[in-house]
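Just the structure for this:
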Amino acid sequence: MVTTKELAYDMEQAEISCLHSRLSAIKKIEGNPMGIDLKRFGHATCFSAAGIPGPSFNTVKGLEDSDEKLLDQIIEFYEQRGIPVRWELTPAHVSQQLLTTLSGKGYYQSGFHTSLYAPVSSLLTDKKEEGEVFVRRMNSDEFDIFASIYADSFQMPESLKPAIKVNNQVLEKDSNWMFYLATVDGEPVGIAVLYIEEAIAVLAAAATLPEFRRKGVHKAMIKKRAIAAKSRNCRLLVGQAGFGSASMRNMERAGMKIAFTKAIWSLRKQTL
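Residues are numbered from 1 along each chain as shown. So this is what the prediction gives:
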């Protein structure tokens with residue numbers, strides 16, 4: 001399989017579906033405490049989560065050249081919520097003209113993010129365990145562990161753990177979502193999430209405690225999710241990672257390859 005614009009579109013739509021499913025479930029929590037709002041403008045989907053810090057849930061995905069006339073509406077959507085716009089742009093669907101227009105509105109390229117993929121049929125999916133690492137589906141009463149590992153892995157404040165627990169537990173009964181726990185000698189050391197829809201499996205999240213990194217935990221969690229994708233007759237496994245990161249290297253070692261690198265655009269800071 002080689003990278004095409006059609007493949008890039010399928011990958012981006014899988015990522016959009018994954019985030020839309022997650023935030024839609026969180027929005028249904030009584031009172032919508034995370035302040036979730038979702039809106040479509042043309043091909044672009046705007047995700048807004050006022051109660052969740054960071055850019056991951058406050059971003060625009062799917063923007064195409066034909067949406068140029070809608071840029072001001074998208075910007076207004078975020079301005080009304082006091083959230084800066086973050087654009088995730090794929091090289092398959094935007095051109096110099098759109099980028100020039102964004103620049104004229106005060107935005108600039110502030111980063112990169114790599115999207116990877118592999119045909120599920122090409123992945124190593126034997127059920128042999130990876131050394132001392134054991135990966136299994138999470139139990140219903142283990143979302144406290146999930147939240148603790150996730151927060152500690154990314155050095156997030158202790159105060160965020162209850163919200164992380166709730167925001168993931170709401171997805172437990174959705175058959176498109178699968179949660180995994182990695183252990184070493186029975187000790188929980190990592191968590192991973194898989195999302196499946198339209199025969200595409202998305203590596204939706206993963207985290208390993210710092211003291212257990214470089215021990216094959218992430219590799220084992222990728223393999224376990226590839227096995228699940230194959231059992232569900234998926235045709236593609238896709239995921240995202242920071243360029244050159246350990247996560248990206250592990251995905252490549254598992255047989256995934258780079259499809260494209262997204263351009264991340266942010267508002268240029270105003271100076272006096």
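
Helices along this structure, start to end?
5-27, 71-79, 96-104, 143-153, 161-169, 217-231, 246-253 (DSSP state H).

What residues sit buried inside the last one?
To tie it back to what came earlier, the one meant is helix 246-253. 247, 248, 250, 251 (16 or more other C-beta atoms under 10 Å). C-beta coordinates here come from the backbone N, C-alpha and C atoms, glycine included.

hmm, back to that, which one of the helices of the chain is the most hemmed in?
Comparing these by mean neighbour count (mean count of other C-beta atoms under 10 Å), helix 217-231 ranks first with a mean of 22.

Check which helices and strands it is in contact with.
Judged by 3 or more C-beta pairs under 8 Å, 6 or more residues apart in numbering; DSSP states H and E, helix 217-231 is in contact with strand 133-137, strand 177-184, strand 187-197, strand 200-208, strand 236-241, helix 246-253.

Just checking: what are the partner strands of the fourth one?
Translated: strand 200-208. If you go by DSSP bridges, strand 200-208 pairs up with strand 187-197 (antiparallel), strand 236-241 (parallel).

now the shortest one, how far from the chain's geometric center?
In terms of C-alpha atoms, centre = their mean, to the nearest Å, the centre of strand 236-241 is set 9 Å apart from its chain centre.

could you point out where the stretch 1-150 of the chain is predicted with low confidence?
125-130 (pLDDT under 70).

among the helices and strands packed on helix 217-231, which is nearest residue 57?
Across the helices and strands packed on helix 217-231, the minimum distance to residue 57, taken as C-beta to C-beta, is reached by strand 200-208, at 11.9 Å.

Run a quick neighbour tally on the nearest residue to residue 251 once chain neighbours are set aside.
Nearest in space to residue 251, with sequence neighbours left out and distances taken as C-beta to C-beta, 6 or more residues apart in numbering, is residue 116 at 4.9 Å. Neighbour count for residue 116, taken as other C-beta atoms under 10 Å: 22.

Now do residue 116 against residue 35, distance only.
Remark: distance between residue 116 and residue 35 (C-beta to C-beta, to the nearest Å) = 31 Å.

just residue 86 next, same as before
16 Å.

between these two, which one's more packed in?
Between residue 86 and residue 35, residue 86 has the larger neighbour count (other C-beta under 10 Å), namely 21 against 15.

my guess is residue 106 meets residue 267, correct?
Yes - contact criterion C-beta atoms under 8 Å: residue 106 and residue 267 qualify, at 5.8 Å.

Give me the more crowded residue out of the two.
The neighbour count for residue 106 versus residue 267, taken as other C-beta under 10 Å, is higher for residue 267 (16 against 13).
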